[in-house]
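*Asks:* model the structure of this input:
(2 chains)
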Amino acid sequence: MKPKFIVPMLLSSLLAMGSIAAKAEAAPAQVTIIQDAQGAKLQVEGKDFLIKGMNWGAIPVGENYAYDLWSKPDSFITEVLDTEMAMMKSMGVNAIRLFSMPPPRWVQYIYERYGIYTVVTHLMGRYGFSVNGVWIPSVDYSDPKTREAIKADVLATVEKYKDTPGVLMWMLGNENNYGLVWTSSEIENLPVGERDTARATFLYSLFGEVAKAIKATGAKQPVSMANGDIQYLELIAKHVPDLDVLGTNVYRGKNATDLFEKVKAVLNKPVYFSEFGSDAFNAKSGQEDGLAQAEILKSQWLDIYENSYGQGKAGNAVGGFIFQWSDEWWKYKQTEYLEQHDQTASWANGGYAFDFEEGKNNMNEEWFGITAKTKTDARGRYKLSPRPAYYVLKQVFANNPYDPSLKPGTTQTRIADIDARDYVPNYDASRANVRLDDLERIYLRSAQIRLESIQSNGKNTNRTREGWQSYDHQESMTLDFGWRPSPELEASAAINILGNVAGNKMDEIFYENRGRPIEVRGEDGGVVTIRDNERVKLHNARFEWNDEDFLLEGFYRTGHGHWADEGDFFGLYQETWDLDGIDRYNSDAPSGMVFTGKKSLTGLKVAAGPQIYWGAKPMAIVKYQKQWNGINFAAMHQEAFAAQQEVANSSLTDPGGRAGKSSFYLSKPFDKMKVEWGVLQSGSEKIGDHYTKAEETDSGQGFRGSDYRITDDARVTESDTWATKLRLVSTTSSIPWYVAGAYRGLVANGGGDASIVVTKWALKPSERGNQYNVSGGMMYGMGYFSVAPQVIYQKPLVDALPPDPSLAADAFDAGTGTFQPGLRPRNLLNDTFAVLDNREMTGAELLFVYDPTPDSWIHDWNNSERETASFAASLDIIYRKLHSNRDANLGVLAGGQVFAFGSAPPAEDLWDAVLRTVHVFSGDLRVINQAYGGTGQANGDSPRLVKRYGLGSTVRYRRLLTQAMFRWNDWGPYDYHRDYNLTFPFQGQIGVAYGIGPIRFDKDVSQVGMRYQMRTLDKYSPRYPYALDSEKRGSEEEWTTYVEISI
Amino acid sequence: MLKSRSKQILLALTLLVLNNACRGDQDEGGETLTDVQLENLPLPSVDADQGIHPSKSVLGDVNNPFKYAVAGEVQKWPITTWADQAPAARAAAKFYYWATILAQGPDGVRQMYVANTLVELSNRTDLSDEQKAKYKAAAIRAYQVVLDEFPEARDYNDAGDSWLINSIAYQKIVELGAKPQGDWVVLPGWNGGIIIMPAK
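*Replies:* Numbering: from 1, shown residues only, chains lettered A, B, ... in the order given. Alright, predicted model coming up:
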């Protein structure tokens, strides 16, 4: 049992027990029968009692007769009873009949909570019986052992229930007269016409014996039976003298015709309908027909009222049990299609004229409920929609035929005046509501179709791309579906469908290009072109299970945040928001699940998956965070289980397989300052690895006559796997500031630092091992203006290997047979560590901000949309003095193979400046400008320093959006451009779009637009067809018109 | 009291970690990166499929003189030519060289040269029959890898002519007394050689 059920279960049990205890002395109902010249009636505790009964069951859709409500947890049973008994009480129902008997405590619960009595049913072997352990499907009522077994079982039932408050009467059997099919020599010896009567005689003689035995127990409740109509009435009169009241299952249509008179004449005992009613489905029209059901039930109850005590007719009607409370979707075929509300009529009955046609069935077993039922939710519950009959019968039950103050016939007149049509809208509204609930459980979250036509051209460019043509088009559609099995569980998945994929785009890497034709070699050695590659693909998916005890979130290509603000001081769990980039490279990231504990598990988080952030190896991360005496501490462990999946992005290449990282973090506020300290252990799998290092030595005395002494037998030790970091932050003082320092062993690598401290500086120390660093910054504000300087110094513990090309090549002397390995820069593919972004650096940053509206922070990711100030601006100037070269980076070839570059860019001084302004002239007009400039180095091996700059502007006026961006001497849009130092002399883009509403920067808006892009090419550009010493210029241009329809 | 205890704990932990982190590389020997004599190297083991793709065990072989070098292509012909002058003493160096660059960058030609060197090792007269049988079996497996994993690999000469090496691998397996695996059609080639093509 799940813990969450325990409390409500105990509560409900205590309530129930308390209630029971309070009435511990409560006696069973004293039910008496009054019979005189005016007729017969029941009295309970001395009060007249017309049975306004209901055949009740709570079998959910998808289950059948085998469903046992009473085996469920008490909390669940209580929920069912409190829902459905309350509805019935409101309707006026005062008794129920069930096929699956509740334990006595629930009989008492129903009675004491809702005043509803229960008829205790024993089926008397109607659907089989077990005799001495042997199951007999067709009971032979002539068999003495069977008769004894049934009798004993009935008496045991009576003994079990007879003192239970809320028991109205004993009801024997259920249409057992329709199931007399056994054969025996005694029966077979009779003439055919007498065989059924003979069987019935055995049946009713057993009923008689049992009824007599029940009386002998002293039970206070009357004995009844559920006969199939009034067949064998004479046999009943003869063999069941102890029967107090006759129950009959009657399906005669609008009224029972002569039934009451016949019972009076033959049996002269009170009679009620143990089953009666109508289905709510019109077999003729093939449609639900709750109105017809209501009309028939009203008429049937009018018949009962007219034949009740003192009303001038038979006077022996004492009520009835409507068949039934709710639809049962299992009735047709019983074990098949349980989730289908079957519309097949399975038997014919001319009494139901509204849909009867000669020779055709018209009774739809699955539609007899006076309430309609929805499908089951994840908790096994359903909703009920009262049909018109519910409301009509509520009006009927408000009348008391035994009211001495009313003239006979008064209640009948009132019932006849009830118009069932008045209640049809009630049902329609309720039904529409629950159907809407059903529909909302599966829904379309969003849909987008994008149609593009692309015209591209170029001069002096190498158009070697497969299928290139000057004009092409592209169609892409994304449908995002959501579904909610229950309020706490929600999921969604988006499917992308391709039409044609353009082959002439200037930017050749994009999500849809997965559908471009590919060539593969067939079994016969021939080349086959596959043109329908991945036309339909799962674009992204996610789920969220928000349980009482935990939150479980799953994601596939949907972004998530980091845990830097929750104690992840070393970036072990990184954020993944670059969904455009993930789309572009068709990555399967992020993909995984995050468990967040609640209640006793509060503070526990577990993330696991094949790639929980972009570039992650298959791994699991566990974090536990807690507050203790004002100290916030967090312990984390990350364990990678396998090598990284294939990557399409060199900067994220992370070779190696299994690896573990552990961190511990403490923070504590002191007055106006917060102290943060953490320790990390990482890379223990590398302990013992050799690495090469260089030390400066006397001039010309080193390796190959150089100034460097080279050793290759240094090893990674345990101490190289440790790192520690300390940060002091003050954000509450008049001048917010921070200072930080870290010391990291050679292989103590963490992840990127996503924390925002004081303000959003772009410059951060490396989080790689093999370095120590110190940093500090402050922010000084003057009104709406602030300036925030920051300085950083970092230095590797072991420097990068010297970049001297003369030392790099392998040397071999064939004369002596000696080989001398070359001194190549380290790389992460072949070496245990490499000096990359952790090379020695002195950095400074100066961040100027003018932001009159701090509530819409200028550094927010969606500030372009959210900024409310008429003018806001930021200028960020960064200077990096890179004191030394670095080791070699890794690259990825087009086929996905990872390789190491042979060299790396040299020491350099770099600077960057970025200016961004936001102008909000009015609600209609918004302008965002950006300008940048700076110097940069390639990720790969190119030593060329890039001096780049650019400017751009975005103007949104009402539903019109224009964008322009111009870049000079900058890298192209993809990672490989920077890896290989591929730049364009000029890149320009101008676009205009018109939306169906204001085009937002942070959401999809239907729009039509046009975009012009052009680039010039030189010897540093991709697709440049001339020799590297050529001074020719090339160019590429592209016109794109597009329509994007989104909801 | 608690505040000071917290500070003490923080200080102790910091000192502990700094102590750990600052111990330095006490077991570093600091030997200079020196020349390696390639002649008369210990014979390589082939028990772990060393030199046969996809095994990379050669990179961890303590006898491999190239294990710390990022052995590129620059010296492959000088070393091969040198080794071919005295196969008995130099085949091991040739094996380690080609096996190392094969492990660093799988390629059919590299696998072929490893296989050829294994044949040379199997022909040494100073080895026991058991040792020779091991090298021969390894050579057969290496040639088979050429057929299975690099069926379209080509070798070329200084004149720029290139040729598929699968036929050579096939023929070598036959010459070693084994049956090449795979569904191949064998056709007569020039100079009494053969040309093989996939049967399908």
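
*Asks:* if I look at the residue in the stretch 701-850 of chain A that chain B sits nearest to, how far off is residue A:71?
*Replies:* Residue nearest to chain B within the stretch 701-850 of chain A: residue A:821 (3.0 Å; Cβ to the nearest Cβ). C-betas here are computed from N, CA, C, even on glycine. In this view, residue A:821 and residue A:71 are 75 Å apart by Cβ to Cβ, to the nearest Å.

*Asks:* between these two, who's got more neighbours?
*Replies:* residue A:821 (24 against 9; other Cβ atoms under 10 Å in any protein chain shown).

*Asks:* how close does the more buried one sit to residue B:117?
*Replies:* Residue A:821 is 20 Å from residue B:117, by Cβ to Cβ.

*Asks:* now residue A:199
*Replies:* In terms of Cβ to Cβ, residue A:199 sits 97 Å off from residue B:117.

*Asks:* so which of those two has more stuff around it?
*Replies:* Set side by side, residue A:199 and residue B:117 show more neighbours around residue B:117, with 29 against 24, by other Cβ under 10 Å.

*Asks:* what about chain B, any weak spots by pLDDT?
*Replies:* Applying pLDDT under 70 to chain B flags the ranges B:1-34, B:68-72, B:200.

*Asks:* what's next to the host helix or strand of residue A:78, contact-wise?
*Replies:* Using DSSP states H and E, the element containing residue A:78 is helix A:74-91. Helix A:74-91 is contacted by residues A:5, A:8-9, A:12-13, A:16, A:54, A:56, A:58, A:69-70, A:72, A:96, A:106, A:109-110, A:113-116, A:325-326, A:371, A:379-381, A:384, A:386, A:390, A:393-394, A:397 when judged by Cβ atoms under 8 Å, 6 or more residues apart in numbering or on different chains.

*Asks:* now it: how far from the chain's centre is it?
*Replies:* On the basis of Cα atoms, centre = their mean, to the nearest Å, helix A:74-91 sits 29 Å off its chain's mean C-alpha point.

*Asks:* same check, this time on stretch A:1010-1021
*Replies:* The chain centre lies 45 Å from the centre of stretch A:1010-1021; the measure is Cα atoms, centre = their mean.

*Asks:* immediately after the strand with the most length in chain A, which helix or strand?
*Replies:* The residue-count maximum for a strand in chain A (DSSP state E) belongs to strand A:442-459. Note on strand A:442-459: by DSSP H and E, the next helix or strand toward the C-terminus is strand A:471-486.

*Asks:* confirm residue B:148 sits in a strand?
*Replies:* No: using DSSP: H, G, I helix; E, B strand; the rest coil, the assignment for residue B:148 is helix, not a strand.

*Asks:* got the contact list for the residue nearest to it when sequence neighbours are not counted?
*Replies:* Distances taken as Cβ to Cβ, 6 or more residues apart in numbering or on different chains put residue B:182 closest to residue B:148, at 6.7 Å, once the chain neighbours are dropped. Counting by Cβ under 8 Å, 6+ apart, residue B:182 touches B:147, B:148, B:198.

*Asks:* what about the helices in chain B?
*Replies:* All helices of chain B, identified by DSSP state H, fall at B:2-21, B:76-84, B:87-104, B:108-122, B:129-149, B:166-175.

*Asks:* are the second one and chain A in contact anywhere?
*Replies:* Yes: part of helix B:76-84 sits close enough to chain A to count as contact by Cβ under 8 Å from any Cβ of the partner chain, namely B:78, B:79, B:81, B:82.

*Asks:* what sits closest to the first one if chain neighbours are left out?
*Replies:* In this case it means residue B:78. Looking at residue B:78 with Cβ to Cβ, 6+ apart, the closest residue is residue A:812, at 5.0 Å.

*Asks:* can you classify that neighbour by secondary structure?
*Replies:* Under three-state DSSP, the three-state class of residue A:812 is strand.

*Asks:* pLDDT at it, what is it?
*Replies:* On pLDDT, residue A:812 comes in at 86.

*Asks:* before we move on, what about residue A:76?
*Replies:* pLDDT, residue A:76: 92.

*Asks:* what's the burial count for the nearest residue to residue B:108 once chain neighbours are set aside?
*Replies:* In space, and not counting its chain neighbours, residue B:108 is closest to residue B:153: 2.3 Å by Cβ to Cβ, 6+ apart. The tally of other residues near residue B:153 (other Cβ under 10 Å) stands at 18.
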